[in-house]
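[1] No sequence on hand, only this structure:
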């Protein structure tokens with residue numbers, strides 16, 4: 001699970017981390033992604049009380065006039081809901097699956113970007129009741145997904161007894177809403193069984209970097225061809241990684257799918273700008289070099305002075321050899337006498 005509660009690096013408010021997540025998604029590494037953005041500021045458990053309300057059915061994006069504390073909660077809730085939409089959109093773009101869970105009464109379902117997403121994508125929304133899976137509370141929950149197999153979870157209440165009301169404190173001192181927060185065990189079992197049909201098989205293709213997945217964040221001293229090789233990126237049009245990198249190094253704009261997009265798709269304008277300001281452009285990366293040139297530069301860095309002396313020795317011998325050859329050409333009669341000198345110079349050149 002990606003949650004800042006497990007690791008502070010898993011911060012979905014950090015555009016750089018969202019960039020990494022979307023890159024992995026667009027590499028087709030996940031068959032199914034489950035999304036559960038926090039519903040605290042969207043919850044009717046809070047918004048039903050006028051004194052605590054931050055949103056309403058008429059203003060699901062948040063009230064205009066709020067205290068700073070409430071404004072921060074609304075901004076955080078909106079941002080995390082938007083990230084969930086980005087991830088779901090990316091999953092659908094590559095033909096994979098997602099499911100997004102919220103309480104049935106959550107105002108997130110009325111959140112403007114969520115309504116736009118639901119109106120334009122091939123998704124469906126259904127509701128189940130936790131008590132249908134054995135829980136002592138009803139807790140109506142809705143799922144938005146593009147995976148038809150999950151419709152088997154659409155079980156509704158048939159109870160004839162009263163449910164535990166999720167209000168106030170439980171005997172252990174926690175809020176009843178916190179006690180009911182985890183999924184009921186029988187529900188999780190049914191959920192997993194519904195997803196068995198899409199689990200990866202032994203003959204599924206190995207995930208590879210998509211041209212939509214972006215470059216990600218890498219050290220500035222890594223050449224473009226090395227970076228693409230590490231990504232297992234395969235350029236289109238029978239073009240090699242080295243050739244794609246060489247074109248970029250020469251200032252030629254890549255065409256088609258010969259390079260990944262600089263940043264992943266579906267980031268949104270604000271996150272896109274924030275990531276772009278942190279990313280090194282491919283044109284600014286180290287030019288690609290053939291292996292023998294890389295070897296020469298590597299040796300030069302380690303044995304620079306010795307290589308310079310060797311080069312001077314070789315150049316001096318070559319100049320003497322060229323002089324002997326010019327004398328032999330100008331004086332053909334002396335050629336037999338100059339033969340021995342040329343042989344000695346060649347031996348010295350080989351020993352060098």
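    Alright, I've got the coordinates. Keep in mind it's a predicted model, so treat the numbers as computed, not measured.

[2] Check which helix or strand the closest residue in space to residue 218 that isn't next to it in sequence maps to.
    If the residues on either side of it in the chain are set aside, residue 218 comes closest to residue 227, at 5.6 Å by C-beta to C-beta, 6 or more residues apart in numbering. C-beta: built from backbone N, CA, C; applies to glycine. Using DSSP states H and E, residue 227 sits in helix 224-230.

[3] on that earlier part again, now for the residue nearest to residue 218, how many residues are close by?
    Using other C-beta atoms under 10 Å, residue 227 has 22 other residues around it.

[4] so how far is residue 78 from it?
    When distance is defined by C-beta to C-beta, to the nearest Å, residue 227 is 34 Å away from residue 78.

[5] returning to that earlier point: got a list of what the residue nearest to residue 218 touches?
    215, 218, 285 (C-beta atoms under 8 Å, 6 or more residues apart in numbering).

[6] Show me what the longest helix anywhere in the chain packs onto, helices and strands only.
    Ranked by residue count and defined by DSSP state H, the top helix of the chain is helix 291-330. Packing contacts for helix 291-330, counted by 3 or more C-beta pairs under 8 Å, 6 or more residues apart in numbering; DSSP states H and E, involve helix 335-351.

[7] Next, count neighbours for residue 215.
    Counted with other C-beta under 10 Å, residue 215 comes out at 24.

[8] give the contact list for it.
    227, 231, 260, 262, 263, 279, 282.

[9] Most neighbours among the residues you listed, which one?
    residue 260 leads the contacts of residue 215 on contacts (other C-beta under 10 Å) with 25 neighbours.

[10] wouldn't that residue be in contact with residue 235 here?
    No - contact criterion C-beta atoms under 8 Å: residue 260 and residue 235 do not qualify, at 9.5 Å.

[11] Find residues that contact each of those two.
    Listed as contacting both residue 260 and residue 235 by C-beta under 8 Å, 6+ apart are residue 228.

[12] Which parts of the protein are strands?
    32-35, 97-103, 124-129, 140-145 (DSSP state E).

[13] Burial-wise, tell me which of those comes out on top.
    strand 97-103 (a mean of 22; mean count of other C-beta atoms under 10 Å).

[14] Okay, now the sheet partners of it, with direction.
    Strand pairing for strand 97-103, determined by DSSP bridges: strand 32-35 (parallel), strand 140-145 (antiparallel).

[15] taking the mean pLDDT, what do you get for the longest one?
    Here strand 140-145 scores 96 as its mean pLDDT.

[16] can you check the shortest one too?
    Across strand 32-35, pLDDT averages out at 94.

[17] gap between it and the chain center?
    In this view, strand 32-35 has its centroid 15 Å away from the chain centroid, taken as C-alpha atoms, centre = their mean, to the nearest Å.

[18] who's in contact with that strand?
    By C-beta under 8 Å, 6+ apart, strand 32-35 touches 25, 84, 87-88, 91, 96-101, 147, 195, 198.

[19] Ok, the longest one next?
    Contacts with strand 140-145, where a contact means C-beta under 8 Å, 6+ apart, come from 88, 97-106, 109, 118, 123-130, 150, 153.

[20] if you set the cut-off to 6 Å instead, what comes out?
    99, 100, 101, 102, 103, 104, 123, 125, 126, 127, 128, 129 (C-beta atoms under 6 Å, 6 or more residues apart in numbering).

[21] check contacts around the last one.
    Pointing back at residue 129 there. 138, 140, 156, 157.

[22] Go ahead and build a PyMOL selection from the buried members of those.
    Those of the contacts of residue 129 that count as buried under 16 or more other C-beta atoms under 10 Å are selected in PyMOL with:
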select buried, resi 138
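
[23] The contacts of residue 129: which two are farthest apart?
    By the measure C-beta to C-beta, 138 and 156 form the most distant pair in these, at 9.5 Å.

[24] Give me the distance between residue 176 and residue 163.
    11 Å.

[25] With respect to residue 59, which of the strands of the chain lies nearest?
    strand 97-103 (17.8 Å).

[26] could you give the mean pLDDT of the closest one?
    95.

[27] go on, stretch 55-71?
    Stretch 55-71 comes out at a mean pLDDT of 93.

[28] can you check stretch 239-254 too?
    Here the average pLDDT along stretch 239-254 is 76.

[29] what does stretch 195-215 give?
    Stretch 195-215 comes out at a mean pLDDT of 70.

[30] gap between the two ends of it?
    Terminal residues of stretch 195-215 lie 31 Å apart, using C-alpha to C-alpha, to the nearest Å.

[31] Between the strands of the chain, which one is closest to residue 167.
    That would be strand 97-103 among the strands of the chain, by C-beta to C-beta, at 13.6 Å.

[32] ok, back up a step: quick one: the strands paired with strand 97-103 as a markdown table, columns for distance to residue 316 too.
    Converted to a markdown table, the strands paired with strand 97-103 look like this (distance: least, C-beta to C-beta, whole Å):
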| stretch | distance to residue 316 |
| --- | --- |
| strand 32-35 | 67 |
| strand 140-145 | 77 |
